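# Task: produce atomic coordinates for the following.
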Amino acid sequence: PVFLDGKYLYKEIKKKEIIQKKLKESEEKFRTLFDIAPVLLDAFDKNGKVVLWNKECEKVFGYSLEEIKKEENPLSLFYPDPLIQREVFDDFNCKDENIYKEWTPLTRDGRKLIIKWANIKLPNNEILHIGFDITQERTNEILLYEAKQQLEKLNNSLELKIKDEIEKN
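All right, here's what the predicted structure looks like:
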């Protein structure tokens, strides 16, 4: 209205306060979900600087958000090889969504992990990376394959022994 009276102004201020309260609650929900999600969630800007790093990333990799933000080249913490860093950085900025790729970053204590990452484009065009640590699954697959190979070797050996014994008898 052309003419602003006290009641109108009061109502508008109350509306704004309600909207701000809802926005704050929404941000708190997002932050809580982001931090407690049992998946790796992070994002890097166009210069390779970290802008998002959830608690699962801290737990798995051993670095806090503050520590990573101080790094000139954060990717070097996880990928010492500059060529791999370039590949990872290029993949970070790839517009292909939900295409999982496996990467093998290092943790703070030098362990090599196998992580499956996907890029998710947010409404503001930022890209969020979602990762799953599949190191144990890959290790189990290798152990299972090796056990299968040993079992086949034993079976073949046993078959030969049986065949030899049958021929002797």
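# residue closest to the middle of the protein?
Gly131 (2.3 Å; Cα atoms, centre = their mean).
# Please verify my assumption that that residue contacts Asn119.
No - at 10.4 Å, Gly131 does not count as touching Asn119 under the criterion of Cβ atoms under 8 Å. Where C-beta positions appear, they are placed from N, C-alpha and C, glycine not excepted.
# Phi first, then psi, for Lys101.
phi -130, psi 150 (degrees, to the nearest 10).
# how much space between it and Asn155?
37 Å (Cβ to Cβ, to the nearest Å).
# do Ile84 as well
41 Å.
# of the two, who's got more company?
Ile84 (16 against 10; other Cβ atoms under 10 Å).
# hang on, the more buried one in a helix?
Yes - counting by DSSP: H, G, I helix; E, B strand; the rest coil, Ile84 is part of a helix.
# Give me the below-cutoff pLDDT ranges for the protein.
By pLDDT under 70, the weakly predicted segments of the chain are 1-5, 95-98.
# how about the strands in it?
Ranges of strands in the chain, per DSSP state E, are 40-44, 50-53, 101-103, 115-121, 127-133.
# Can you check which of these gets nearest to Lys16?
strand 50-53 (28.3 Å; Cβ to Cβ).
# Counting neighbours, show which residues of the closest one come out buried.
Judged by neighbour count using 16 or more other Cβ atoms under 10 Å, the buried positions of strand 50-53 are 50, 53.
# hmm, who's touching it?
34, 41-45, 63-65, 68-69, 74, 126, 128 (Cβ atoms under 8 Å, 6 or more residues apart in numbering).
# Using neighbour counts, trim those to the buried set.
41-44, 63, 65, 68, 74.
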